[in-house]
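Trainee: okay, sequence plus prediction incoming.
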Amino acid sequence: MKKYILIIFVAIISSQAAFNQQPRIDKGMMIEPKNETWDSMKVHIEKFEKKEKAQKKRFMLDFSNIKVPDNLDGFKSVWHNDPVKQASTGTCWCFAATSFFESELKRIHNKEIKLSEMHTVWYQYIEKARRFISERGDSEFSEGSQTNAVMAMWKEYGCVPNEVYTGMLPGQEYHNHSKMVTEMKSYLDFCKTNNIWNEQQVLDNIKSILNKYMGEPPTDFTWNGKKYTPKTFRDDVVKLNPDDYVDMMSLYEQGFGKKTIYDVPDNWWKSHDYYNIPLNDFMSGLRSAIRNGYSMTLSGDVSEAGIYSYADAAVVPSFDIPSAYIDDNARQFRFSNGSTGDDHAIHLCGWFENESGTWYLIKDSGSGANNGKFKGYYLFHEDYIKLKMTCFLVHKDAIKDILKNFDSQSRYE
């Protein structure tokens, strides 16, 4: 009997202890997720699956015997803003032309202003999408364009200082349009496939994509204590006349002595505003312009064995073509077979002569221009421009003698 009483007593005591025990309250915490075993396996898996590709070497000119100017002190240059980087974008056309117009602002109005490239680029994409819609998908939609597109966008939408609109999101250091362009192109391809041609609907969606990656351009802003819209800033501050600027081209295929098309994909709106002149006039106009204080944009090909960013220079190697043989036929031969293309736009802003000839100071927004010691610049030998640069944009006063005689067709026959 005592045994049973003891058991009951122990049970009662145990139950009371359990009843009096506080329930456990657990807490959570934040940790960095990790799985060291999987991480270790993943390294070996990826190493096994990865196919190593030997990096193919590129054939280049040996610059050790080229007498490239070793400093910029001797160059006679036009005022220009410091070089800037286009980074991961295909917008060299806008960076080159914007830099050129900044120089024109200084030359004409004695104003030093850094203008926004991306304000122009944002609206250029809108116009590209608009044409894509109107042409039912039969129109180029990519990052490229021509330098004369900048003034065309200014005429329609105005312009703004760079401090007002950079086209980058908070915390972003460099431009990167790769995902944005892919997204826009995919959307436009979807519209084409599904026969969606409502302009307002499509443009609204394109604007949403642009704003996501670039931010929305301002409709008005305050600059130097005064309120502007992009158009009033263009008219009251910038005050450059669009009709004062001309595009000069030198390609045999179009016939000289007439305004015609620059037939490349980046001329997406099929502009026929190019004055086509022989190479001799092209180069004499260029030389005269820069020596008289006019800078210009250049468009052409920079994918050659004779251009090397770590040498800061672009020349025509003797194994390509001797200097004396560079003429209209040599240029057209390369344009026709595709070895000369339209892959870059730059700002020519100075010149210098030494024992190896005439060199031109080139302000370049491409990444390669920052590899050498002249950060943001290349030095182009005159022969390289003669052979590989197809167009330039300049103020009409710089080449007024060429324009005065342009309509004399017999002059080019």
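Mentor: All right, it came through fine. Model, not experiment: these values are computed from the prediction.
Trainee: can you give me the strands for the stretch 201-350 of the chain?
Mentor: Using DSSP state E, counting those that start in this stretch, the strands of the stretch 201-350 of the chain run over 221-223, 226-228, 245-249, 258-260, 274-276, 296-300, 307-308, 313-314, 344-354.
Trainee: state the distance from Pro69 to Ile307.
Mentor: Separation of Pro69 from Ile307 (C-beta to C-beta, to the nearest Å): 16 Å. Placement of C-beta: from N, CA and C, glycine included.
Trainee: of the two, who's got more company?
Mentor: A count of neighbours by other C-beta atoms under 10 Å puts Ile307 above the other of Pro69 and Ile307, at 23 against 18.
Trainee: do I have it right that the more buried one meets Pro317?
Mentor: No: Ile307 lies out of contact with Pro317 (C-beta atoms under 8 Å); the separation is 10.2 Å.
Trainee: for Ser208, the count of nearby residues, please.
Mentor: Neighbour number of Ser208 under other C-beta under 10 Å is 11.
Trainee: same check, this time on the one 5 residues further on
Mentor: The number of residues packed near Tyr213 is 20, by other C-beta under 10 Å.
Trainee: go on, Lys51?
Mentor: Residues lying near Lys51 (other C-beta under 10 Å) number 4.
Trainee: relative to Ser367, how far out is it?
Mentor: Distance, Lys51 to Ser367, by C-beta to C-beta: 27 Å.
Trainee: to Ser99, which of the strands of the stretch 201-350 of the chain lies closest?
Mentor: Across the strands of the stretch 201-350 of the chain, Ser99 has its closest neighbour in strand 344-354 (4.4 Å, C-beta to C-beta).
Trainee: the closest one versus strand 296-300: what angle between them?
Mentor: Taking axes from the mean of the first three to the mean of the last three C-alpha atoms, to 10 degrees, one finds strand 344-354 and strand 296-300 inclined to each other by 110 degrees.
Trainee: so what does the next helix or strand after strand 344-354 touch, helix or strand wise?
Mentor: Under the assignment DSSP states H and E, the closest C-terminal helix or strand after strand 344-354 is strand 357-363. With contacts defined as 3 or more C-beta pairs under 8 Å, 6 or more residues apart in numbering; DSSP states H and E, strand 357-363 has these neighbours: strand 344-354, strand 377-381, helix 382-388.
Trainee: tell me the domain ranges of this structure?
Mentor: 89-240, 242-413 (automatic domain parsing).
Trainee: extract the CA atoms of stretch 188-202 and return them as CSV.
Mentor: In CSV, the C-alpha atoms belonging to stretch 188-202 read as follows (Å, rounded to 0.1, in the frame of the first residue of the first chain):
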residue,chain,number,x,y,z
LEU,A,188,9.0,45.3,-80.5
ASP,A,189,9.6,41.8,-82.0
PHE,A,190,6.6,40.7,-80.0
CYS,A,191,4.5,43.5,-81.5
LYS,A,192,5.7,42.6,-85.0
THR,A,193,4.9,38.9,-84.5
ASN,A,194,1.4,39.7,-83.1
ASN,A,195,0.6,42.6,-85.4
ILE,A,196,0.4,45.2,-82.6
TRP,A,197,0.7,48.5,-84.3
ASN,A,198,-1.1,50.9,-82.0
GLU,A,199,1.5,53.7,-81.8
GLN,A,200,0.4,55.2,-78.5
GLN,A,201,0.3,51.8,-76.8
VAL,A,202,3.7,50.7,-78.0
